[in-house]
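Trainee: Model the following, please.
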Amino acid sequence: MKKSFSFLKNLIILLPLLLVVLISVFFIQANAQNEEMTFHAIYVGAGDALVISSGDHYMIVDSGPPSSQNLVMNYLEKLDIPDHKIDYVVATHPDGDHVGNFDEIFQKYEVGQVIYSPCTKANTIYADFIQSVKAKGCPYRNPIEGESWSLGDAKVTVIYDGSQGSTYNECSIVLRVTCGGKSLLLTGDLPATTESLLLAQGYKFKSDVIKIGHHGAGSSSSAAFLDAVNAKYAVISSSREPDATLPRDSVLKKLARRFVKVYRTTDANVVIKFKNGKISTSNKENKKFISIKKGTITLSNNVFYASGKALTPKPALIVDGQVIPSYQYKTKYSSNKSTGFGKVKLTGTETKYISTCSTTFMILPKKETLKGEAGVLNRIKLSWSTQSHATGYQIRYSTNKKYKKNVKYKTYRKAETTKATLSNLSFHKKYYISVRAYKSNIGNGKWSRTLTIRTNKKPLPKKQSIKDFVKKDDSVIIKWLKQSKKYDAGYKVQYSKDKKFKKNVKEITVKKVSLNRIKLKKHSTVQPYYFRVKGYNKYGEGKWSKNLKFYF
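Mentor: Numbering: from 1, shown residues only. I've put the predicted structure just below:
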């Protein structure tokens, strides 16, 4: 009773603490589920102007070239930024197409802090940027690699601070912005040379969304770098002008081969939302190039029999639920003559569809031609053609023409085997036989045409013939024809007073084939006796000879 009271007392004391813990966990989970961030890539022609917002907090990364001033300012105006307050401004590097409108932004908005690349540039656009920062009077500095700061629900981290570069692009600041477990990578105009350098040094760039470096120039976004980022979404800022050369097809193809969804400012201002650990956008994916690697190939036929000729089943390619016209890919066949798996490889023509897609089809062994003849005794000898790509052969045989009953099988597990002998068959019986080749892990060929062969009769001794008999003083010596000594052969000799051998029959067995005579003693009574002889062996007995009548 005391123990029960003590337990209840402790439970009452702990209950408020448990309630606090549960409430805390609930609010932590609720906050995690409500984390939101929006990424904006503004169309500014040839340049970058990016905005990240979370709640009432804003960060601008680069501001486009001076020629895009109205585009940038009008877009910011539509965002209706509370109190015209921007928490952070980042200039990834000093090129004019990245810092061209900061002076206008500083005039209209309150800026909490400016972070800019350690690399400077001696031109008017960059000089106007620096002067406007100083005139604004807000804090400004170079970034510190590895530092982080909060932006509403988001966290901004400096992955690379630009300090290892010797050119403007090599000095591009690289930022990763995370929210709700998802991440965004901003790379400025970072070239492939610096990408490789940083990868070799162990920098980690893995992110869900990437702003492609240098507007999709071929000098950025190396294959190794894209693999390290492993993004599912990519944003490219570039110009719509007819003479625009970016993004390069080589970069777009790299992204397509990695099944990265591409969104371009040339189509529209790009807006990507991060909410509750999910990424979404209402922008239309730009599919200039599509990889067929994950496509589905259906063939006009999937199973064939080898014939020695090349097999070329017609393919149909389906990508994302769409049937792709055959002129958009090239078809190549291989291993398609012999037993095994034929291969079909489709390669995109690179005009829209890229990469390769493959499938296989089954080639079963070719149909055999069977030959055969009756062999010695109750055997049948068979032969067929060899198939070097087969694993072996299977023979079936039966006394039933349709193989419905009494079917037996023999398997030969060597491709070079082309002969066989069926033994222990019934004598003088018609057999139906066919053969087929097989390939392990592939299957069986077709049964050959049925061969019909009758086995030989039993090798019974021939009907005997009495060769001679000689009477002597008290006996008679009878001689007969010798027979083959094969098969445990011997003779049986009978004599009787009864011509029909129905009664009083005496029989003598001669087990040695070499003894083809027998000596019988004369009886005291002179009367006729009838004598006959026949051969026998392990398969049966021959026929009796004609009766020989003689007197003792």
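
Trainee: For Asp474, the count of nearby residues, please.
Mentor: The local packing of Asp474 (other Cβ atoms under 10 Å) involves 10 other residues. All C-beta atoms are positioned from the backbone trio N, CA, C, and that covers glycine.

Trainee: Hmm, Lys521 and it touching each other?
Mentor: Yes: contact criterion Cβ atoms under 8 Å: Asp474 and Lys521 qualify, at 6.0 Å.

Trainee: Give me the secondary structure label for the residue positioned nearest the centre of the chain.
Mentor: For the chain, the residue nearest the mean C-alpha position is Thr359 (8.6 Å; Cα atoms, centre = their mean). The local conformation at Thr359, judged by DSSP: H, G, I helix; E, B strand; the rest coil, is strand.

Trainee: Please apply the same query to Val235.
Mentor: Assigned by three-state DSSP, the conformation of Val235 is strand.

Trainee: That one and Tyr43 touch, don't they?
Mentor: No: if you go by Cβ under 8 Å, Val235 and Tyr43 don't touch, sitting 11.3 Å apart.

Trainee: Now list whatever residues contact both of these two.
Mentor: Taking Cβ atoms under 8 Å, 6 or more residues apart in numbering as the criterion, Val235 and Tyr43 both touch Thr265.

Trainee: what about these two, which has more around it?
Mentor: Using other Cβ under 10 Å, the more surrounded residue of Val235 and Tyr43 is Val235, with 26 against 22.

Trainee: which residues sit in contact with that one?
Mentor: Contacts of Val235 (Cβ under 8 Å, 6+ apart): 39, 41, 209-212, 262-265, 270, 272.

Trainee: Let me know how buried Leu425 is, in neighbour terms.
Mentor: For Leu425, the tally of surrounding residues (other Cβ under 10 Å) stands at 20.

Trainee: What strand or helix carries it?
Mentor: Using DSSP states H and E, Leu425 falls within no helix or strand.

Trainee: wait, doesn't it sit right on Arg379?
Mentor: Yes: with contacts counted by Cβ under 8 Å, Leu425 reaches Arg379, the gap being 6.7 Å.

Trainee: overlap in contacts of these two?
Mentor: Thr455.

Trainee: and the gap between the closest residue to Ser207 other than its chain neighbours and Ile236?
Mentor: In space, and not counting its chain neighbours, Ser207 is closest to Leu185: 3.8 Å by Cβ to Cβ, 6 or more residues apart in numbering. Per Cβ to Cβ, to the nearest Å, Leu185 is found 13 Å from Ile236.

Trainee: Which one of the two is surrounded by more residues?
Mentor: Higher neighbour count among Leu185 and Ile236: Ile236, with 26 against 21, using other Cβ under 10 Å.

Trainee: quick revisit: so the residue nearest to the centre of the chain versus Ile297, what's the distance?
Mentor: Thr359 is 4 Å from Ile297, by Cβ to Cβ.

Trainee: Give the residues shared as contacts by these two.
Mentor: 315, 344.

Trainee: Wait, Lys136 touches Phe106, no?
Mentor: Yes: counting by Cβ under 8 Å, Phe106 is a contact partner of Lys136 at 4.5 Å.

Trainee: Between those two, which has more neighbouring residues?
Mentor: Neighbours were counted for Lys136 and for Phe106 using other Cβ under 10 Å; Phe106 has more, 23 against 19.

Trainee: which ones are touching the more buried one?
Mentor: Applying Cβ under 8 Å, 6+ apart, we find Phe106 in contact with 132-133, 135-136, 138.

Trainee: The closest residue to Ser172 other than its chain neighbours: what's it in contact with?
Mentor: Excluding the flanking residues, the one nearest Ser172 by Cβ to Cβ, 6+ apart is Gly188, at 2.9 Å. Gly188 is in contact with 48, 62, 92-93, 98, 117, 169, 172-174, 213-214, counting by Cβ under 8 Å, 6+ apart.

Trainee: Give the residue spans of the stretch 1-150 of the chain that score low on pLDDT.
Mentor: 1-33 (pLDDT under 70).

Trainee: Show me where it has its helices.
Mentor: Here the stretch 1-150 of the chain has its helices, by DSSP state H, counting those that start in this stretch, at 2-33, 69-79, 96-99, 102-108, 124-136.

Trainee: Quick one: residues in contact with the last one.
Mentor: Which is helix 124-136. Residues outside helix 124-136 that contact it (Cβ under 8 Å, 6+ apart) are 65-66, 91, 94, 96, 99-100, 102-103, 106-107, 111, 114, 116, 120, 140.

Trainee: let's go with 7 Å and repeat that
Mentor: Applying Cβ atoms under 7 Å, 6 or more residues apart in numbering, the contact partners of helix 124-136 are 66, 91, 94, 96, 99-100, 102-103, 106, 111, 114, 120, 140.

Trainee: can you list the weak-confidence ranges in this protein?
Mentor: 1-33, 473, 522-526, 552.

Trainee: what about 80?
Mentor: Across the chain, the ranges flagged by pLDDT under 80 are 1-34, 469, 471-476, 520-527, 550-552.

Trainee: measure the closest residue to Gly146 other than its chain neighbours to Ser237 for me?
Mentor: Spatial nearest neighbour of Gly146, chain neighbours left out: Val158 (6.4 Å); criterion: Cβ to Cβ, 6+ apart. Noted for Val158: a distance of 21 Å to Ser237, by Cβ to Cβ.

Trainee: ok, those two, which is more surrounded?
Mentor: Higher neighbour count among Val158 and Ser237: Ser237, with 29 against 20, using other Cβ under 10 Å.

Trainee: Spatially nearest residue to Asp87 (excluding sequence neighbours)?
Mentor: Gly112 (4.6 Å).

Trainee: That neighbour is in contact with Val90, isn't it?
Mentor: No: Gly112 is beyond contact range of Val90, at 11.7 Å (criterion: Cβ atoms under 7 Å).

Trainee: shared neighbours, those two?
Mentor: Residues touching both Gly112 and Val90 (Cβ under 7 Å, 6+ apart): there are none.

Trainee: And those two? Which one has more around it.
Mentor: Between Gly112 and Val90, counted using other Cβ under 10 Å, Val90 has the larger neighbour count: 24 against 15.
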